[in-house]
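Student: Next one to model:
(chains A and B)
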There are 2 protein chains.
Amino acid sequence: MPKVVVDVMPKPEILDPQGKAVLGALPRLGFQGVVDVRQGKRFELEVAGEVTDAVLAQVHEMAETLLSNPVIENFEVRVEQGVEQSA
Amino acid sequence: MPKVVVDVMPKPEILDPQGKAVLGALPRLGFQGVVDVRQGKRFELEVAGEVTDAVLAQVHEMAETLLSNPVIENFEVRVEQGVEQSA
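Tutor: The predicted model follows:
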């Protein structure tokens, strides 16, 4: 079952306190070499039937009106084949 | 500049109240046809230098210890070429 993924990330010019908090914690846990961390949201939507262009257009509209705040966030809509996530 | 992406999603068997809230709101906004919604986190990490296997192994460890809660969440680590996000 294909799923539609919506990735919502803070716009580059917007301060990302969560990302900065993670970035700050990494050296304390012994991790080196990470220059920047940004944290956003990932939505996985399961739709009834085929994922057509019309469905993607509707998801795009959902992303704009409900899943993201277009003033401070960018989003990207894509289709992912139903692959099992590794733990 | 390639970036390492870590997607953290609630395990399938775990209740996802945020996802359920979004699922419930969609019909009220006039969106039909969405069967399920799951909400998780997306981390974009910028690393110094090349993204080698050693770097990916380290990110995997970061994901296990800091970016996710392995008891209730699954995560996936992948490399994305630095493509600009559409607004």
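
Student: Run through the neighbouring helices and strands of the longest strand along chain A.
Tutor: Counting by DSSP state E, the longest strand found in chain A is strand A:34-47. With contacts taken as 3 or more C-beta pairs under 8 Å, 6 or more residues apart in numbering or on different chains; DSSP states H and E, strand A:34-47 sits against strand A:3-10, helix A:17-28, helix A:53-62, strand B:3-10, strand B:34-47. Every residue, glycine included, has its C-beta placed from N, CA and C.

Student: what is the orientation angle of the third one with strand B:34-47?
Tutor: Calculated by axes from the mean of the first three to the mean of the last three C-alpha atoms, to 10 degrees, helix A:53-62 forms an angle of 70 degrees with strand B:34-47.

Student: shaky segments in chain A?
Tutor: A:82-87 (pLDDT under 70).

Student: Setting aside sequence neighbours, what's the nearest residue to residue A:18?
Tutor: Nearest non-adjacent residue to residue A:18, counting by C-beta to C-beta, 6 or more residues apart in numbering or on different chains: residue A:39, 4.2 Å away.

Student: just checking, that neighbour touches residue B:66?
Tutor: No. Using C-beta atoms under 8 Å, residue A:39 makes no contact with residue B:66, being 11.4 Å away.

Student: Looking at these two, which has the bigger crowd around it?
Tutor: residue A:39 (21 against 17; other C-beta atoms under 10 Å in any protein chain shown).

Student: How about the contacts made by the more buried one?
Tutor: Contacts for residue A:39 (C-beta atoms under 8 Å, 6 or more residues apart in numbering or on different chains) come out as A:10, A:16, A:18-19, A:22, B:41-43.

Student: Many thanks, have a good one.
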